[in-house]
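K.L.:
coords please:
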Amino acid sequence: MLLVGDAFHNFTDGVIITAGFLTSVPVGVVTSLSVIAHEIPQEAGDFGILLHSGYPKRKALLMNTLSSLSTIPGAIIAYYALGAIHTAVPYAMALSAASFLYISLADLTPELHHEIGLRSAIRQLLLMLAGVATIIILLQFHP
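P.N.:
All right, here's what the predicted structure looks like:
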């Protein structure tokens, strides 16, 4: 069930990345970086779940890699579908933004409240500002 859900998730990541690049190259780069930022810990967690479920390391890595490869067909299908129906690109981008907001609000924000103190608050603020600065810098390359 984990592998099927992950494959579907990665397929939609391919759609999201393609929609970003069909919008513009800077938006595509920012979208790709966002996907990478949330995929690395998620895939590591999936690998751990597979190991805990009894998969040998090699098989867990292989199965996790195969489910990750579903990003490619998602991107290819989206390229042709969204290329033919350009009016759907903004809707795909809106769904992408909504999914990232959901991830941050539902999964990450509660974790921020576990650490209390000035040092933790400053670190969190600096990391959020670094994320905003990254997007601003990348958008400077937009023609």
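K.L.:
how far is the one helix or strand Leu138 maps to from where the chain is centred?
P.N.:
Here Leu138 sits within helix 118-139, counting by DSSP states H and E. Put simply, helix 118-139 sits 18 Å off its chain's centre (Cα atoms, centre = their mean, to the nearest Å).
K.L.:
what is that helix packed up against?
P.N.:
Counting contacts by 3 or more Cβ pairs under 8 Å, 6 or more residues apart in numbering; DSSP states H and E, helix 118-139 packs against helix 25-52. Placement of C-beta: from N, CA and C, glycine included.
K.L.:
just how off-centre is the helix it packs on within its chain?
P.N.:
Chain-centre distance of helix 25-52: 5 Å, with Cα atoms, centre = their mean.
K.L.:
with stretch 3-22 instead?
P.N.:
Stretch 3-22 sits 8 Å away from the centroid of its parent chain (Cα atoms, centre = their mean).
K.L.:
what comes into contact with that stretch?
P.N.:
When contacts are defined by Cβ atoms under 8 Å, 6 or more residues apart in numbering, stretch 3-22 is touched by residues 27-32, 35, 39, 42-43, 46, 50, 63-64, 66-79, 82-83, 86, 89, 92-93, 95-96, 99.
K.L.:
flag every buried residue along stretch 34-52.
P.N.:
Ser34, Val35, His38, Glu39, Gln42, Glu43, Asp46, Phe47, Leu50 (16 or more other Cβ atoms under 10 Å).
K.L.:
OK, contacts around the closest residue to the last one other than its chain neighbours?
P.N.:
Closest residue to Leu50 in three dimensions, ignoring its sequence neighbours and counting by Cβ to Cβ, 6 or more residues apart in numbering: Ala60, at 3.8 Å. With contact set as Cβ under 8 Å, 6+ apart, Ala60 has these partners: Phe47, Leu50, Leu51.
K.L.:
where does confidence bottom out across the buried residues of stretch 34-52?
P.N.:
pLDDT across those is lowest for His38, at 80.
K.L.:
contacting residues for the spatially most central residue of the chain?
P.N.:
By Cα atoms, centre = their mean, the chain has its centre lying nearest to Val35, at 2.4 Å. By Cβ under 8 Å, 6+ apart, Val35 lies in contact with Asp13, Ile16, Ile17.
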